[in-house]
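Visitor: Okay, here's the prediction I keep looking at, along with the sequence it came from:
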Amino acid sequence: MTDGEYAVHRQGLAMSAAVIALLGAEGAALAQTTPVYPVKPIRIIVPFTPGTGMDTLARTTGPKLAERLGQNVIVDNRPGASGNIGNEAVARAAPDGYTLMVTANTFAMTPALSKSLPFDPVRDFSPVADMATGIMALGVHPSLPVENVAMLETLARSQPNNSDLNYASPGNGTPQHLAAELFKQVMKANMTHVPYKGSAGAVTDLLGGQVPVMFLPLHTAMPHARTGRLRVLAQSGAKRSAVASTISTFDEAGARGVDVDFWYGMLAPGNLPREIVTRLNNETVAVLRLPDVRETLARQGLDPMTGTPEQFTQRVRADLAKWARVVAEARIVPD
């Protein structure tokens, strides 16, 4: 190599080193200016009042998520319009991971019960995590002459019209109402809906025999069943609950297709970046596996779930379609 060639070679090496140094500096600067999520407090909107199942779930998991994420997690109740006030607040929020929602399967019911919505339940939300399920029970007053689902089916089918056998619910469009309507459709049963303004009055009249049939949460039904004030004919779910091991599932009772579990999950605004969805799902699943969290939720009749965002997306979309069919067949008039 001549002296000239050597000089050119050294100059090329120097330029290469300078470029590498520059790229390294830019990469370091980029790393310093791109914060790792999260960098500020996270708000979890609950679209119903304090004390509901979703509120309990949010307030049980929120502090644990805060510990794992290194930021405060604030629960913000936004009740009203069957959950749609809270739903709209989340749909309109920035998709940055700082506004989340813990909701229930009412989210998949209200679109079929509303003439118009200020959001799209699919496009405007990012499903993050399927968090828990709750079991629904079919309860009857002991004075009703039925011992199982088949006997109730026979009695309900024998009614010449819907007016002779009534069932209670906490109100129009509630999960208990639509569960009973799905049961009627699957079993070809004739029953008349008696809506109440909340669960307390409905359960009171069920126990008093004023209204003989009701779908209600299993953890609400079982204490009354143990005292003989209520007869539980069946429970939802793929398998029997440990707290009701002698009670058949709907499938076992011959009511296949009466899929009426409550479910609870976390959603975020639509188009949430994939890496944030994954981080939130991973941390939520880890929290739901904690023994103290599972114990707290079990006392509320909730069974923690640990699915993927894709599985939760499938559940939400399937339920949107299912409840739309139920509402249409029952001819429930949207508000």
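Guide: Great, that's in hand. Everything quoted here is computed from the prediction, not taken from an experiment.

Visitor: Show me what the host helix or strand of A168 is packed against.
Guide: In the assignment (DSSP states H and E), A168 maps to strand 166-169. Contacts defined by 3 or more Cβ pairs under 8 Å, 6 or more residues apart in numbering; DSSP states H and E place strand 166-169 against helix 175-187, strand 192-195, helix 199-208, strand 213-217. No exception for glycine: its C-beta is placed from N, CA and C like everyone else's.

Visitor: Pick the most buried one from these.
Guide: strand 213-217 (a mean of 25; mean count of other Cβ atoms under 10 Å).

Visitor: Okay, now the sheet partners of it, with direction.
Guide: strand 136-140 (antiparallel), strand 166-169 (parallel) (DSSP bridges).

Visitor: Going toward the C-terminus from that strand, what's the next helix or strand?
Guide: Strand 213-217 is succeeded, C-terminally, by helix 218-226 (DSSP H and E).

Visitor: Show me which positions of that following helix end up buried.
Guide: L218, H219, T220, A221, M222, H224, A225 (16 or more other Cβ atoms under 10 Å).

Visitor: any chance of these in a markdown table, with distance to L206 and pLDDT too?
Guide: A markdown table is the format used below for the buried residues of helix 218-226 (distance: Cβ to Cβ, whole Å; pLDDT from 0 to 100):
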| residue | distance to L206 | pLDDT |
| --- | --- | --- |
| L218 | 14 | 94 |
| H219 | 15 | 92 |
| T220 | 10 | 93 |
| A221 | 9 | 95 |
| M222 | 14 | 94 |
| H224 | 9 | 97 |
| A225 | 12 | 96 |
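
Visitor: what does the strand holding A168 rub up against?
Guide: Strand 166-169 is contacted by residues 176-177, 180, 191-196, 202-203, 205-206, 211-215 when judged by Cβ atoms under 8 Å, 6 or more residues apart in numbering.

Visitor: Would you format the strands paired with strand 213-217 as a markdown table with mean pLDDT and distance to V149 included?
Guide: Listed next are the strands paired with strand 213-217 as a markdown table, based on pLDDT from 0 to 100; distance: least, Cβ to Cβ, whole Å:
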| stretch | mean pLDDT | distance to V149 |
| --- | --- | --- |
| strand 136-140 | 97 | 7 |
| strand 166-169 | 96 | 14 |
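
Visitor: Among these, which comes closest to E283?
Guide: Closest approach to E283 among the strands paired with strand 213-217 (Cβ to Cβ): strand 136-140, 29.1 Å.

Visitor: Domain ranges for this structure, per the record?
Guide: The record, using automatic domain parsing to delimit domains, assigns the chain the ranges 42-133+262-330, 136-244.

Visitor: Specify which residues of the stretch 201-335 of the chain, grouped into ranges, have pLDDT under the cut-off.
Guide: 335 (pLDDT under 70).

Visitor: any residues touching stretch 238-249, and which ones?
Guide: 135, 137, 148-149, 218-219, 222, 232-237, 251.

Visitor: What is the end-to-end distance of it?
Guide: End-to-end distance for stretch 238-249: 7 Å, by Cα to Cα, to the nearest Å.

Visitor: Who are the contact partners of E147?
Guide: Here E147 is in contact with R231, L233 (Cβ under 8 Å, 6+ apart).

Visitor: doesn't Q235 make contact with V258?
Guide: No: with contacts counted by Cβ atoms under 8 Å, V258 stays clear of Q235, the gap being 10.4 Å.

Visitor: Now the common contact residues for the two.
Guide: Common neighbours of V258 and Q235, counting by Cβ under 8 Å, 6+ apart, are F250.

Visitor: so A104 makes contact with L267?
Guide: No: if you go by Cβ under 8 Å, A104 and L267 don't touch, sitting 11.0 Å apart.
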